[in-house]
Every structure is written in structure tokens, then in C-alpha cells.
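> Output the structure for:
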Amino acid sequence: MAYGGTSLMERYELGRLLGQGTFAKVYYARSIVTGQSVAIKVVDKDKIMKVGLMDQIKREISIMRLVRHPNVILLHEVMATKTKIYFVMELAKGGELFNKVAKGKLKEDVARKYFQQLVNAVDFCHSRGVYHRDLKPENLLLDEDENLKISDFGLSALAESKRGDGLLHTTCGTPAYVAPEVINMKGYDGAKADIWSCGVILYVMLAGYLPFHESNLMEMYRKIAKAEFRCPNWFQPEIRRLLLRILDPCPDTRITIARIRDHPWFKRGMTSKYIDANAKSKNVGSQNTSIVAEDKQEVPRLLNLNAFDLISHYTGFDLSRLFEESCLKKQHRFTSRKPPYVIISKLEDIAKHLKLKLTKRDAGLLRFEGTKEGRKGILSIDAEIFELTPALHLLEVKKSNGDTLEYDKIMNDCIRPGLQDIVWAEQNDITTAKNRTRN
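Model prediction:
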């Protein structure tokens, strides 16, 4: 099938090929309706199903919907035919950061700017329970204003992927950028492994070459394990000290992102306006929230749902239809005109009644967890609150682990009745609900 100038679903006009891999090709495209330039990744369904990568594609879609940040490539929408899956994404006109560093070292101020944007974006991903696991210059793109954008979440993991020891165990990534603990295959903290990769990227930007590079892979791994590297003589003492803290082979003593952001070299050149903008990015899209808390109740940060989110929440537009099999956990959705703290208070009462542990996370996400092992492990239920309009909220409740029968019983006997006096509608058409609030 030739894509040059081809109309895709009467929505996009596909143009030149931008790049390709084993299972996908990326094309320049233009929206027929708005004229906006985008990049469309075309994935061959048959190829990925043959090698068992369908779950990876599903996870990538879920993750890209979670991580909406100015320095992360934006996923506009996902479309599919019987043979292809189409990722419609933000177009980064500046190309890969790799193309810049391949020509030699960057100026210190330029490298610092990219590093600041990288660290802030990675910090946001971690706050949403997402670990990239393949950070490298090839996966860092630049827009037309020279702003960095993280891309390619194909090897990313979610916090729920951790095993009972609280660690990730899948060995993945690019050898020269991978953390020592990942190579050791004894389990690793995804956030700390990403921090190591950020350190390697910083070194590459400032030096123009890798800190760990050997033709013999085992020798390179040995050097990574012991963090054996040398800084060029043009590295300032501040940079050397920071790199030694980041490229610490012991994950327990490795510097955290909070401390990196506190480092004098990192903070240089950052205006208060930039810092405020980054802080707001943790609450992407929710700046217009006009909820007033009563009795000094804390108002959680919520995610707004855009058109893509709303469509994917309809049963009729379930993303699992793209893959011809169900990929979503059993879930229930409720709409409420009550403010978030009232909904959370109700959930706390339900958890107390059920004797379940309730953990509050970022952006209106809560988790119920049982204390006893069930037929299929410990029951775990996630509850997340989204803002539809300032006066209307969506509560999504779904089973994340454990026995479905146990979950159904708790949902029908306790959660649904417990929410009854604050819920406006369950499984209603969201658009209709939004229109009613306006009328």
C-alpha cells in the first residue's frame, strides 16, 4: 500500500516516510479538517501478533494517554483497520537529539536546557507510575522551538508491573544507557534506573561521546557495573560532582530527581516563570478547575478528560476493539456533581467499612487493597476521579488485581450502595451528562 498523498479514513493525508522499524513505519501527515501537521506511526497487526507484541502495543497506548506533559510527545488519537493500527502523534519537526550529539558535544547552556526538560518530564512520568526504561538520544525528539520531547514508550512499565518485592524484573533498554542493577537481573527500581539513563544522556550531550563504550559487550557491562568512566577535562567541577551522584552504581545511594532539581548547576538559567510552568504541568489541563474546598479540605489534583479520553471511555469506543480482544480490566464508571473531596470521603467510609487499606496517589487516584490472600491473590481496586466540567466529575472504579467474583460482590454490595447518595448517573453517556450541566 503506497502512502504518499493517501487519505487515511478521510481524516489525514499521509505524506513522506519519516522513519521505520521492524514492525512500524512513521509518516508525516496533515489533518484534512484542521490542516495541522502530525506524525502517524503505522503498526502492522499481523507482524506484532506473530511475535507476541500485542500486549506491548496496548500498554504503549495506555501509557501515552497517562503522560501528558509539555516535554512528552502527545498522542492525539489511535485508529485501526483490520490490518493496521495508527498512532496519530505530535510532530517533532526538529528531529532526534541523537542527530545533534552525533555531530559533537553541545554547548553547556544548551545541554542544561535539554537536561532540565528531560528531568522534569521523567519526574512527571514517575508521578504517574510510568517508567520509560529506554531513555537515550534516539528517543528524545525536538520541536520547532528546540524543546525536548520524550518519545517511544514501547519498553515502558507501569507501577502495577512490579512484583511482590516492589521491583521490576524485565531486562530491557539499550546497553550503553542501561543501569547496573538492570544488568544484574535481580530486580530494580524503575525510577532509579531512569535516573541513571538521564545521567548517561547528560554526559553524552556535554562530551560528545558515551561514558561507557567498548567493542566487547561484557567489558562494557563490567565498566557499567563499577561505574568506571572518566570526565573530559572541559567538564566543570559542578558537572563532575553531579554526574558522580547520578552515575552511582548503587541505586540506594544514587541521587533522586528531587535532589537533581535542587542542584545549583541544574537550576542555573531557570526563571521562576519556567519553574511555575513545570509545576503546573503536574496538573495538565486542570488549571481552570474552580472547585472551592470547604473546611480547608485538600483538593486533589485532577486530570481533565479531552475528546480522545472521553471517546475511549465509551463502551462503544472501547480501545480493546482495536485489537479484537478485551484488554481492559473490569470497571464501573459513575458521574457526580459533588466536589472531589466529598467523593474521596465516601470512598474512605467504604474502605473503613470493608476493612480495606486505602492509599491516596497523585491526580485523584486511590487504591483499595485487601489484607488477606484470596483465590487469585490479594484484591486490589483502583478508583480515579476525573474532571469533566468544574461542576461534574467522573469516578472510574476497576479491579487491578485479585478475584473477579470477590470484586463483583464488593461492588454490588458495598461500593455501589455506598456511593448512591452522591452519584448522579452510572454508565451514562458522558456527553449527555456534560450537556445537561450546561443547560
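
> mind listing what R222 touches?
E228 (CB atoms under 8 Å, 6 or more residues apart in numbering). The way it works is simple: take the backbone N, C-alpha and C, and place the C-beta from them, glycine included.

> can you confirm it is in a helix?
Yes - under DSSP: H, G, I helix; E, B strand; the rest coil, R222 sits within a helix.

> From Q236, how far off is it?
As defined by CB to CB, to the nearest Å, R222 lies at a distance of 28 Å from Q236.

> what about the stretch 151-300 of the chain, any weak spots by pLDDT?
Within the stretch 151-300 of the chain, the segments meeting pLDDT under 70 span 271-300.

> In it, what residue spans correspond to strands?
157-158 (DSSP state E, counting those that start in this stretch).

> And the helices in it, which stretches?
180-184, 190-207, 217-226, 237-246, 257-262, 264-267, 272-281 (DSSP state H, counting those that start in this stretch).

> Out of those, which is closest to K100?
K100 lies closest to helix 190-207 among those, at 8.3 Å (CB to CB).

> what angle separates that closest one from helix 237-246?
150 degrees (axes from the mean of the first three to the mean of the last three CA atoms, to 10 degrees).

> please renumber so the chain begins at 12
Fine by me, first position is 12 from now on; the one you just mentioned is helix 201-218.

> From the chain's centroid, how far away is helix 201-218?
The chain centroid and the centroid of helix 201-218 are separated by 18 Å, computed with CA atoms, centre = their mean, to the nearest Å.

> Specify the angle between that helix and helix 228-237 in degrees.
110 degrees.

> Let's check: the centremost residue of the chain is which one?
Centre of the chain computed as the mean C-alpha position; nearest residue by CA atoms, centre = their mean is V78, 3.6 Å away.

> How about the contacts made by the closest residue to that residue other than its chain neighbours?
Nearest non-adjacent residue to V78, counting by CB to CB, 6 or more residues apart in numbering: C136, 5.1 Å away. Neighbour list for C136: 78, 80, 83, 142-143, 161, 167, 205 [criterion: CB under 8 Å, 6+ apart].

> My reading is that C136 is in a helix; is that accurate?
Yes - judged by three-state DSSP, C136 forms part of a helix.

> what's the pLDDT at it?
Looking at C136, its pLDDT stands at 96.

> So which of the helices of the stretch 162-311 of the chain is nearest E107?
helix 201-218 (12.2 Å).

> what's the spacing between L151 and H143?
10 Å.

> How about L152?
14 Å.

> Which residue is the nearest non-sequential neighbour of R344?
Going by CB to CB, 6+ apart, R344 has E407 as its nearest residue, at 5.1 Å.

> Who does the one you found form a beta bridge with?
R344, E395 (DSSP bridges).

> how does this structure divide into domains?
Following automatic domain parsing, one finds the domains of the chain at 17-101, 106-292, 314-449.

> give me every residue that touches the residue nearest to R344.
Contacts of E407 (CB under 8 Å, 6+ apart): 324, 342-344, 393-397.

> before we move on, what about V44?
R22.
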